[in-house]
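Trainee: please work out how this folds:
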Amino acid sequence: MAGRRKQDLAAANCLAQAWALAEGDPGDQPGSGRSPHQRYPGSRPSSLLLFERLDAVTLGKLVALYEHKVYVQGVIWD
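Mentor: Just a heads-up that it's a prediction; the model follows:
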């Protein structure tokens, strides 16, 4: 049971970090008394992909997604 709890905490931390990158710090005010390196504005691009398990099919999908992303960037940026 302890292993499942650790996995749940890791998943919660992962989701919280993704949310923080998107939304930023709710107390991010210049006069908050915190130094600039302790504040973060949000609106940071990030991707989070969740799969039930990592098998050959899932890995193939991830590789195809990466290859498509690189191809599109090459076409856009010439």
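Trainee: contact partners of the helix or strand bottoming out on mean pLDDT in the chain?
Mentor: Of all helical and strand segments in the chain, the minimum by mean pLDDT, DSSP states H and E falls on helix 2-23, at a mean of 91. Residues outside helix 2-23 that contact it (Cβ atoms under 8 Å, 6 or more residues apart in numbering): 40, 42-44, 46, 48. Where you see a C-beta, it was placed from the backbone N, CA and C, and this is true even at glycine.
Trainee: quick one: low-confidence parts of the chain?
Mentor: Applying pLDDT under 70 to the chain flags the ranges 1, 26-32.
Trainee: let's go with 80 and repeat that
Mentor: Filtered on pLDDT under 80, the chain yields the residue ranges 1, 25-40.
Trainee: quick one, what contacts Val63?
Mentor: Counting by Cβ under 8 Å, 6+ apart, Val63 has no contacts.
Trainee: what helix or strand does it sit in?
Mentor: Using DSSP states H and E, Val63 maps to helix 56-77.
Trainee: need the CA coordinates for that helix. PDB is fine.
Mentor: What follows is helix 56-77 as a C-alpha-only set of coordinates in PDB (Å, rounded to 0.1, in the frame of the first residue of the first chain):
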ATOM      1  CA  ALA A  56       5.400  -1.000 -27.700                       C
ATOM      2  CA  VAL A  57       2.300   0.600 -29.100                       C
ATOM      3  CA  THR A  58       2.400   3.600 -26.700                       C
ATOM      4  CA  LEU A  59       6.100   4.100 -27.400                       C
ATOM      5  CA  GLY A  60       5.500   4.000 -31.100                       C
ATOM      6  CA  LYS A  61       2.800   6.700 -30.700                       C
ATOM      7  CA  LEU A  62       5.200   8.900 -28.700                       C
ATOM      8  CA  VAL A  63       8.000   8.600 -31.300                       C
ATOM      9  CA  ALA A  64       5.500   9.400 -34.100                       C
ATOM     10  CA  LEU A  65       4.200  12.400 -32.200                       C
ATOM     11  CA  TYR A  66       7.800  13.700 -31.800                       C
ATOM     12  CA  GLU A  67       8.700  13.100 -35.500                       C
ATOM     13  CA  HIS A  68       5.500  14.900 -36.600                       C
ATOM     14  CA  LYS A  69       6.400  17.900 -34.300                       C
ATOM     15  CA  VAL A  70       9.900  18.100 -35.700                       C
ATOM     16  CA  TYR A  71       8.600  17.800 -39.300                       C
ATOM     17  CA  VAL A  72       6.100  20.600 -38.800                       C
ATOM     18  CA  GLN A  73       8.700  22.900 -37.100                       C
ATOM     19  CA  GLY A  74      11.000  22.200 -40.100                       C
ATOM     20  CA  VAL A  75       8.300  23.200 -42.600                       C
ATOM     21  CA  ILE A  76       7.300  26.300 -40.700                       C
ATOM     22  CA  TRP A  77      10.900  27.500 -40.000                       C
END
